[in-house]
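*Asks:* prediction below, plus the sequence it came from.
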Protein chains: 2
Amino acid sequence: MTTLYGYFRSSAAYRVRIALNLKGLAYEQVAVNLVKGEQRAEENLARNPQGLVPVLETDDGTRLTQSLAICEYLEERHPEPALLPADPAGRARVRSLAQLVACEIHPLNNLKVLKYLVHELKLDEAAKLAWYRHWIAEGFTALEARLAGEAATGAFCHGDSPSLADVCLVPQVFNAERFECDLSAYPTIRRIAERCRAMEAFAKAAPGAQPDAG
Amino acid sequence: MTTLYGYFRSSAAYRVRIALNLKGLAYEQVAVNLVKGEQRAEENLARNPQGLVPVLETDDGTRLTQSLAICEYLEERHPEPALLPADPAGRARVRSLAQLVACEIHPLNNLKVLKYLVHELKLDEAAKLAWYRHWIAEGFTALEARLAGEAATGAFCHGDSPSLADVCLVPQVFNAERFECDLSAYPTIRRIAERCRAMEAFAKAAPGAQPDAG
């Protein structure tokens, strides 16, 4: 059995749930409550010294970390339906869109960073929100320019089927909405996110649909 | 001709230089001075709406962004010498080590974030350095635990030849040293970085060896 150690509101776990669902793979979920600090429990650190979710445990006991590495593994082991196009330039485009979210936006706004802002830098709620929205706005402005301007964009981020880029986009839009970011300047991002969320694979992966949703 | 738009001290450009060198690919470099803000010049925004380096322009005019996506493209187009092992679990391990650096450490310490800390949050030099060193220490503690504890680690991060994980590790160690982080608690990281830096492909990619080095 494939087991996903995750948390309903973790963006990275959300990405892996979408990828597993798109590929039609069955998995069991074990919740690690990040707000309660369960990721630092001994049991979880044994699975992942970084104390992060997600961890994917495959049926042969292999433990995988880092959401994009997990998605690439799923792509290699279960190629259909494909989350990356066949041509190297297309694959590079999809990966670069995914990494724009995963390396440029998300790392600045995750829970441990927000905690540092509040506890170490003593930022008040308004300054914390300004930080959050700043990195969403900067990243989404670049992402919107690419998606609106590049011919390879289709109904989804790349052509007319969901890819690794959409797997990253949808959880980031969820986060932006949760922090009430103004998304009016990003019509292409909103259009693609809506198209994705109409699919069962995305809907079933949504935070609110998870067993550990608060 | 392959052209790399980069900056001598950009970690992400440094990664791409190492990958190009390891694969023995010739390339021309165009410097984009990040400190002078040249990445926001019209010419550079046309190449990359996010205004970031690196951008790799291939011989057929394709423009690629995001360092890890560029490295994966190079791996697909020029498979030898390989930067990823052949087995899916090994590939996932290498990618997860690379992403531990590229998604967990580096995004928090790049120039635009440091500028936000100083200009928006009005942090003094000591608080900025504390931020920098905090994320290095947190990330390197996790990375050291993995590299020291996992049987797949060899002379390099994965076995006895350099991989995408080493391509990310070496620029991060360079950054940590530049900000005078104490690396005594990370002997495996230091051992592997030294081994890499003894190789010409890494040495020639070092910031100080670039034409635009200040």
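*Replies:* Nice, thanks for sending it over.
*Asks:* can you show me the helices along chain A?
*Replies:* A:11-22, A:42-47, A:67-77, A:88-99, A:111-119, A:125-149, A:164-178, A:187-197, A:200-203 (DSSP state H).
*Asks:* in the third one, which residues are buried?
*Replies:* This points to helix A:67-77. Using 16 or more other CB atoms under 10 Å in any protein chain shown as the test for burial, helix A:67-77 gives A:67-75. Where you see a C-beta, it was placed from the backbone N, CA and C, and this is true even at glycine.
*Asks:* check stretch A:17-28 too.
*Replies:* A:17-23, A:27.
*Asks:* just the closest of these to A:S184, please.
*Replies:* For the buried residues of stretch A:17-28, the residue nearest A:S184 by CB to CB is A:I18; the value is 25.1 Å.
*Asks:* ok, is the lowest-mean-pLDDT helix or strand in chain A in contact with chain B or not?
*Replies:* In chain A, no helix or strand scores lower on mean pLDDT, DSSP states H and E than helix A:42-47, which sits at a mean of 78. No - using CB under 8 Å from any CB of the partner chain, helix A:42-47 never reaches chain B; the gap is at least 8.6 Å.
*Asks:* pull the most distant pair out of the buried residues of helix A:67-77.
*Replies:* A:S67 and A:E75 (12.6 Å).
*Asks:* quick one on the thing from earlier: export the buried residues of helix A:67-77 to CSV and tack on pLDDT and distance to A:Y132?
*Replies:* Output for the buried residues of helix A:67-77, formatted as CSV (pLDDT from 0 to 100; distance: CB to CB, whole Å):
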residue, pLDDT, distance to A:Y132
A:S67, 97, 20
A:L68, 98, 22
A:A69, 98, 26
A:I70, 98, 25
A:C71, 98, 25
A:E72, 98, 28
A:Y73, 98, 30
A:L74, 98, 30
A:E75, 98, 31
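*Asks:* returning to that earlier point: of the buried residues of stretch A:17-28, which is the nearest to B:A155?
*Replies:* Closest to B:A155, out of all of the buried residues of stretch A:17-28 and judged by CB to CB, is A:A19, at 33.0 Å.
*Asks:* how close does that closest one get to chain B?
*Replies:* As for A:A19, its distance to chain B is 13 Å (criterion: CB to the nearest CB, to the nearest Å).
*Asks:* tell me the residue furthest from the middle of chain A?
*Replies:* A:K122 (27.9 Å; CA atoms, centre = their mean).
*Asks:* if I pick that one, what's in contact with it?
*Replies:* Counting by CB atoms under 8 Å, 6 or more residues apart in numbering or on different chains, A:K122 touches no other residue.
*Asks:* out of the buried residues of stretch A:17-28, who's nearest chain B?
*Replies:* A:A19 (12.9 Å; CB to the nearest CB).
*Asks:* which residue is the nearest non-sequential neighbour of that closest one?
*Replies:* Nearest in space to A:A19, with sequence neighbours left out and distances taken as CB to CB, 6 or more residues apart in numbering or on different chains, is A:C71 at 4.6 Å.
*Asks:* and if you look at A:A205?
*Replies:* Nearest one to A:A205, counting by CB to CB, 6+ apart, is A:R17 at 3.7 Å.
*Asks:* ok, that neighbour touching A:G6?
*Replies:* Yes - counting by CB atoms under 8 Å, A:R17 touches A:G6, with 7.1 Å between them.
*Asks:* overlap in contacts of these two?
*Replies:* Shared contacts of A:R17 and A:G6, counting by CB under 8 Å, 6+ apart, come down to A:Q210.
*Asks:* hang on, the earlier thing: check contacts around the residue nearest to A:A19.
*Replies:* Contacts of A:C71 by CB under 8 Å, 6+ apart are A:15-16, A:19, A:83, A:164, A:167.
*Asks:* would you reformat these as TSV and include pLDDT?
*Replies:* Converted to TSV, the contacts of A:C71 look like this (pLDDT from 0 to 100):
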residue	pLDDT
A:R15	98
A:V16	98
A:A19	98
A:L83	98
A:L164	98
A:V167	98
